[in-house]
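> The following block contains a protein sequence and its predicted model.
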Number of protein chains: 2
Amino acid sequence: MKHYGCGMPPESKIALERPDMRAHVLKAALLAIEEVGFTRLRIRDIADRAGMSTGHVLYYFGSRDRILVSTLLMSEADLDERRRVELAGLDDHAALERLVELYLPKSAQDVRWRLWAQVVARPPDDEETLLRLDGFFRSWAAALATVVRRLAGLGAEAAEDFAVRHCRLMDGLSNDVLLGMPGHDATWAKEAVLASMRRELP
Amino acid sequence: MKHYGCGMPPESKIALERPDMRAHVLKAALLAIEEVGFTRLRIRDIADRAGMSTGHVLYYFGSRDRILVSTLLMSEADLDERRRVELAGLDDHAALERLVELYLPKSAQDVRWRLWAQVVARPPDDEETLLRLDGFFRSWAAALATVVRRLAGLGAEAAEDFAVRHCRLMDGLSNDVLLGMPGHDATWAKEAVLASMRRELP
DNA sequence: TGGGAATTTGAATGCTACTCAAGTTTTGAG
DNA sequence: CTCAAAACTTGAGTAGCATTCAAATTCCCA
């Protein structure tokens, strides 16, 4: 677990010397978002919680947007690991439901999903970051494909197609959860996905 | 076509007297976004193009966020009308494809979708605006349901379910288009949706 | 141990949303 | 028609934020 982000010192040639410091800042960022809320988040809030100055945070990450996308990458990496651990101990039926729960936002304030919304609204311009984000999506789809393959005896290709379509569906449903659309809470989203899955699975 | 937004003068009791003025500002906002780009958009850019002061724009709309959400509402209302007109002249098969084209973003810079991304990242807090946004979603789903009902002879309920699922799928795919994910352009998104639709339609 | 590179700071900069006091125009009651 | 209240309009002012930067400190290794 290292080297999440993409920032670098002004005229950099080589990434910074202390990846620990970067991870430390990103954890502070998560904490800050939870405490002050996403819309009120200032770099100052992150710096305070990381025990350093605002200038120093920007020295490592270059811009506010890069802090946020790096925080998302860390958050996805952590959840990727957590998913692996949790699903290993469940039977296929329970694993399917748990995967959906882990993927979807827990509420309109869900930090990981607020970060996604932020990144979609102000996308990074470097391809490497985009590919890393896509990698996490693929990891989710692969995990879902594995589960439904065993669960429904689908072929590899059919399972992959099913998985990708339903991950995209969850992305779409998440928009409404993030908007706080009346009646469209986390439970609604979960039921909608599972209903769609049951259409195709026996 | 009137009364798109939700802003009001400071201690308002009644909405502003000149809805024309509001529509005028919102058209200026669309123009400004196209010209200066979404990320660089300042209220000043909108005010200049509307031929008024920044203070006046804010007098009508209250905040930058409200301008943007109102612009989205206008954009959706226009597209709603345009969809109605265009689809009326097409056979069911062509209408299905055209509806998908109209719904999806045309590129990563698609103004309507950039507005959606912005609104999801900073959601409005008043329920009325949320319900109006939801109304446009429902309108899209209803239009799609009508087409597939005729096209595939589905029952009303099945068509509605099909339509809602595929609109959500398009929402999810749009995220990748907006991100500028390599290879995931407007054409990719369109093909992905149509492929999913063909799975269920004869 | 000396010096260059990396790190760290917080004050300065600059930009932008938002406020406001002061006018101008519109409206409608009488 | 009259005139005062309400609505409208302005641009200068305020405040808050991301970002820059010059200077100070620490680290590294030859």
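Sure thing, it's come through. Bear in mind the structure is a predicted one, so any value in this text is a computation, not a measurement.
> Which residue, neighbours along the chain excluded, lies closest to the residue nearest to the spatial centre of chain A?
The residue lying closest to the centre of chain A (C-alpha atoms, centre = their mean) is residue A:76, at 3.9 Å. The shortest distance from residue A:76 to any non-neighbouring residue, by C-beta to C-beta, 6 or more residues apart in numbering or on different chains, is to residue A:136 (4.2 Å). No exception for glycine: its C-beta is placed from N, CA and C like everyone else's.
> Quick one: mean pLDDT for the strand or helix carrying the one you found?
Remark: residue A:136 resides in helix A:127-152, with elements defined by DSSP states H and E. Summarised as a single mean, pLDDT over helix A:127-152 is 97.
> what packs against it?
helix A:64-88, helix A:92-103, helix A:156-179, helix B:156-179 (3 or more C-beta pairs under 8 Å, 6 or more residues apart in numbering or on different chains; DSSP states H and E).
> how big is the angle separating that helix from helix B:156-179?
Interaxial angle, helix A:127-152 versus helix B:156-179 (axes from the mean of the first three to the mean of the last three C-alpha atoms, to 10 degrees): 150 degrees.
> distance between helix A:127-152 and the chain's centre?
Helix A:127-152 sits 12 Å away from the centroid of its parent chain (C-alpha atoms, centre = their mean, to the nearest Å).
> Mind listing what's buried along that helix?
Neighbour-count burial for helix A:127-152, counted by 16 or more other C-beta atoms under 10 Å in any protein chain shown, picks out A:129-130, A:132-134, A:136-137, A:139-141, A:143-149, A:151-152.
> picking up where we left off before, okay but the residue nearest to the centre of chain A is in contact with residue A:112, surely?
Yes: the pair formed by residue A:76 and residue A:112 meets the contact definition of C-beta atoms under 8 Å, at 7.2 Å.
> Look through chain A and state the residue closest to DNA strand C.
residue A:55 (2.1 Å; C-beta to the nearest atom of the strand).
> How much space separates that residue from residue A:120?
For residue A:55, the distance to residue A:120 equals 29 Å [C-beta to C-beta, to the nearest Å].
> tally of neighbours for residue A:198?
If you count neighbours by other C-beta atoms under 10 Å in any protein chain shown, residue A:198 ends up with 9.
> And for residue A:126?
Neighbour tally, residue A:126, other C-beta under 10 Å: 11.
> again with residue A:162
21.
> I'd like the distance between it and residue B:42.
Counting by C-beta to C-beta - residue A:162 and residue B:42 are separated by 45 Å.
> How about residue A:142?
Residue A:142 is 43 Å from residue B:42, by C-beta to C-beta.
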